[in-house]
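Participant: What follows is a protein structure lacking sequence information:
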Ligand SMILES: Cc1cc2nc3c(=O)[nH]c(=O)nc-3n(C[C@H](O)[C@H](O)[C@H](O)COP(=O)(O)O)c2cc1C
């Protein structure tokens with residue numbers, strides 16, 4: 001039986017490059033027989049973490065917005081989590097970081113995910129551009145000892161919308177999704 005794969009696409013722009021890579025990853029993973037769901041943060045109401053830590057007692061966030069729903073209804077049950085982000089100032093975008101903070105209730109839950117993937121796009125092309133985003137995500141993963149960072153797909157040298165089409169990164173994203181066993 002295939003794995004349950006949740007892809008969270010965090011760019012808020014239409015024609016997003018990281019979202020296009022996420023689509024390719026999804027296609028590959030579906031072809032490999034997995035159950036794949038991609039959720040975009042476009043139009044979602046996601047508030048900042050209040051830092052109250054009530055979630056560590058109740059396993060639920062006190063803020064009942066779209067992040068709470070995503071965490072409770074989807075992130076908790078996925079075997080594989082995939083985060084797609086544009087690089088903003090050599091890091092993951094703010095909305096992705098906010099979502100990771102808001103996933104704090106999972107820390108005290110019996111979460112299912114074991115594999116985590118990162119998809120990133122940026123205007124520049126060197127590996128240094130995405131390494132801090134990977135490092136930030138690894139910091140989050142470090143708090144979930146049953147999980148690890150399983151792979152990164154980076155699409156560099158893309159600034160405008162739909163700039164990623166036809167790139168090698170698209171093929172890599174497809175292959176990485178397809179490679180999930
Ligand atoms: C606020 C902001 C900060 C950015 N910072 C960087 C950066 O540090 N390095 C870089 O190479 N590109 C940077 N970019 C460019 C985006 O990463 C690039 O356009 C990317 O393809 C956007 O992905 P998306 O289409 O999925 O939103 C930045 C863009 C914005 C809007």
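Facilitator: Happy to help now that I have it. The structure displayed is predicted, hence computed values, not measured ones.

Participant: which phi and psi does residue 25 have?
Facilitator: Per-residue torsions, residue 25: phi -60, psi -40 (degrees, to the nearest 10).

Participant: oh sorry, the question was meant for residue 9
Facilitator: The phi/psi pair for residue 9 (degrees, to the nearest 10) reads phi -100, psi 110.

Participant: Assign the spatially most distant residue from the centre of the chain to helix, strand or coil.
Facilitator: When each C-alpha in the chain is compared with the mean C-alpha position (C-alpha atoms, centre = their mean), residue 57 comes out farthest, at 25.7 Å. Secondary structure, DSSP: H, G, I helix; E, B strand; the rest coil: residue 57 is helix.

Participant: Quick check: the gap between it and residue 107.
Facilitator: 12 Å (C-beta to C-beta, to the nearest Å). Glycine gets a C-beta too; all of them are placed from N, C-alpha and C.

Participant: What of residue 44?
Facilitator: On the measure of C-beta to C-beta, residue 44 and residue 107 end up 22 Å apart.

Participant: Check residue 51 too.
Facilitator: Separation of residue 51 from residue 107 (C-beta to C-beta) stands at 13 Å.

Participant: who's more crowded, those two?
Facilitator: Between residue 51 and residue 107, counted using other C-beta atoms under 10 Å, the more crowded position is residue 107 (14 against 8).

Participant: Who are the contact partners of the more buried one?
Facilitator: Residues in contact with residue 107, defined by C-beta atoms under 8 Å, 6 or more residues apart in numbering, are 55-56, 143-144.

Participant: rerun that using 6 Å as the cut-off
Facilitator: Listed by C-beta atoms under 6 Å, 6 or more residues apart in numbering, the contact set of residue 107 reads residue 143.

Participant: any idea of the pLDDT on it?
Facilitator: pLDDT for residue 107: 96.

Participant: Tell me the residues of this protein that contact the ligand?
Facilitator: With C-beta under 6 Å from any ligand atom as the criterion, the chain comes near the ligand at residues 11, 13, 16-19, 86-90, 121-124, 129, 158-159.

Participant: let's see 5 Å
Facilitator: Counting by C-beta under 5 Å from any ligand atom, the residues of the chain close to the ligand are 11, 13, 16-18, 86-90, 121-124, 129, 158-159.

Participant: Now, those residues that are in helices?
Facilitator: Among the residues of the chain next to the ligand, the members falling in helices (DSSP state H) are 17-18, 129.

Participant: What are the boundaries of the helices in this structure?
Facilitator: Assigned by DSSP H, the chain shows helices spanning 17-31, 55-58, 66-70, 94-102, 128-141, 168-178.

Participant: can you put the ones you listed in TSV and add mean pLDDT and distance to residue 150?
Facilitator: As requested, the helices of the chain are arranged in TSV below (pLDDT from 0 to 100; distance: least, C-beta to C-beta, whole Å):
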stretch	mean pLDDT	distance to residue 150
helix 17-31	98	12
helix 55-58	96	26
helix 66-70	98	20
helix 94-102	98	17
helix 128-141	98	10
helix 168-178	98	9
